[in-house]
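Novice: could you work out the structure for the sequence below:
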Amino acid sequence: MSEGRILIVEDDVDTAEMLRDVFSEAQYSVEVAFRGDDVLDYTRRHIPDLIILDILLPGMNGYTLCRELRTTTRTRHIPIIFLTQKDERNDRIAGLELGADDYITKPFDIEELNLRVKNAIQGHRRMNMTDPRSGLPAARLIEEQLRGLILQKNWAYIEIDVQHLQPFVDNYGFVAGDEVLRYMALMLNECIDELGTRDDFVGHAGGPIFVIITKAKNTDRIVERIRRRFAEEIMTHYNFMDSEEGGIRLSDGNLASLMRLSIGLVSAKMRQFSDIREITESAAEKRRLDLETASL
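Specialist: The predicted structure follows:
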């Protein structure tokens, strides 16, 4: 099992490849970007557990990139470690003021860097900031986003539940189940990139439940796009026999249903919400009604 997803942003090819080898050997999933310009689009679709970021980059430099990541809703939670040759006190202060979690200068001790990366990722998870399987913001960050909605206008909260995920996990295993969660994270981010706004939020509330908080006006189109993509793509996670039979044949002879979505949408247009519990309870009720309608 991967220890986490690391994005290395480093224009020196030798350093980047050395770091890729080190962290891959330590059981991390590693991606490398050589230009700062490439990072913003990547991180909105494939959210890493941590970014190792050089400052002196072609195109967008590390300081500007860090500022953009920290002011974008879907990326502001990602831990960032600056790894750079700029070792002046003012440089370190500037990096930390922008919201970086750590600042390490070159040349560096690889064992120390490994420990700092491990501690940053584990600390983030202990604070319930991100889900280790999907990489999406988890309960604490979702709650923060919801608290900010109460006094705002023109927002929508979409709650998505992957129905029948547990029979799939029981039959195909935890690794396959985690693949479904990672697929959901990628698919939801892509739908928001296509139809949402720059400041929309995608989170993983735990288990099979995901959330979207959006300022987009076309929320019905977003919901429809999520439904259509899931229906078209989820079958790739099943084997041919289960796909053909339309379910998973259990040991007792019963047929477990294939995965499908139930979606609850609530918005500021519906009524005035006084606290976040009213928002989540209303969305859960909408999900229940959606499931009953689909069963008719």
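
Novice: in the stretch 101-250 of the chain, which spans are strands?
Specialist: 102-105, 156-163, 201-206, 209-214, 247-249 (DSSP state E, counting those that start in this stretch).

Novice: the second one pairs with which strands, parallel or anti?
Specialist: Meaning strand 156-163. If you go by DSSP bridges, strand 156-163 pairs up with strand 209-214 (antiparallel), strand 260-267 (antiparallel).

Novice: circling back to that earlier point, least reliable of the strands of the stretch 101-250 of the chain going by mean pLDDT?
Specialist: Taking the mean pLDDT of each of the strands of the stretch 101-250 of the chain, the lowest value is held by strand 102-105, a mean of 88.

Novice: so how far is that one off the chain centroid?
Specialist: With CA atoms, centre = their mean, to the nearest Å as the basis, strand 102-105 stands 25 Å off its chain's centre.

Novice: so where's the longest helix in this structure?
Specialist: Counting residues, the longest helix in the chain under DSSP state H turns out to be helix 174-195.

Novice: list of residues touching that helix?
Specialist: Residues outside helix 174-195 that contact it (CB atoms under 8 Å, 6 or more residues apart in numbering): 1, 44-47, 74, 131, 133-136, 160, 162, 165, 168-169, 200, 202, 204, 210, 212, 214, 216, 218, 221-222, 225-226, 229-230, 233-234, 237, 259. Yep, even glycine has a C-beta here, placed from its N, CA and C like the rest.

Novice: which of these fall within helices?
Specialist: Of these, the ones assigned to helices by DSSP H are 44, 45, 165, 168, 169, 221, 222, 225, 226, 229, 230, 233.

Novice: care to break the chain down by domain?
Specialist: Domain ranges of the chain: 5-126, 139-295, per automatic domain parsing.

Novice: if you average pLDDT over each of those, which is lowest?
Specialist: domain 5-126 (a mean of 89).

Novice: endpoints of that domain, how far apart?
Specialist: Using CA to CA, to the nearest Å, one end of domain 5-126 lies 16 Å from the other.

Novice: any idea how far it is from the chain center?
Specialist: Taking CA atoms, centre = their mean, one finds the center of domain 5-126 at 17 Å from the center of the full chain.

Novice: same check, this time on stretch 141-149
Specialist: The answer for stretch 141-149 is 16 Å, by CA atoms, centre = their mean.

Novice: who's in contact with that stretch?
Specialist: For stretch 141-149, using CB under 8 Å, 6+ apart, the contacting residues are 73, 77, 129-130, 137, 155, 157, 201, 203, 205, 211, 213, 268, 273, 276, 279-280.

Novice: 7 Å instead, please
Specialist: Contact with stretch 141-149 is made by 77, 129, 155, 201, 203, 205, 211, 213, 276, 279, as judged by CB atoms under 7 Å, 6 or more residues apart in numbering.

Novice: redo these as TSV? Include neighbour count and distance to residue 179.
Specialist: Converted to TSV, those look like this (neighbours: other CB atoms under 10 Å; distance: CB to CB, whole Å):
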residue	neighbour count	distance to residue 179
77	20	23
129	19	22
155	23	31
201	26	23
203	28	19
205	19	19
211	22	20
213	22	25
276	18	31
279	22	30
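
Novice: now for those: which two are most distant?
Specialist: Using CB to CB, the contacts of stretch 141-149 span at most 21.9 Å, a distance reached by 129 and 155.

Novice: pick the most deeply packed of the strands paired with strand 156-163.
Specialist: Using mean count of other CB atoms under 10 Å, the stretch among the strands paired with strand 156-163 with the largest mean neighbour count is strand 209-214, at a mean of 23.

Novice: run the angle between that strand and strand 201-206 for me.
Specialist: Using axes from the mean of the first three to the mean of the last three CA atoms, to 10 degrees, the inter-axis angle of strand 209-214 relative to strand 201-206 is 160 degrees.

Novice: so how far is strand 209-214 from its chain's centroid?
Specialist: 11 Å.

Novice: what angle do that strand and helix 219-233 make?
Specialist: Using the same axes, to 10 degrees: strand 209-214 against helix 219-233 is 140 degrees.

Novice: now strand 209-214 against helix 174-195, angle please.
Specialist: 10 degrees.

Novice: offset the numbering so it begins at 24, please.
Specialist: Renumbered: residue one is now 24, and that last one reads strand 232-237.

Novice: what's strand 232-237 in contact with?
Specialist: Taking CB under 7 Å, 6+ apart as the rule, strand 232-237 contacts 165, 168, 172, 178-184, 207, 211, 215, 219-220, 223-228, 245.

Novice: what's the answer for stretch 264-281, then?
Specialist: Under the criterion CB under 7 Å, 6+ apart, residues 187, 190, 191, 194, 258, 261 lie in contact with stretch 264-281.
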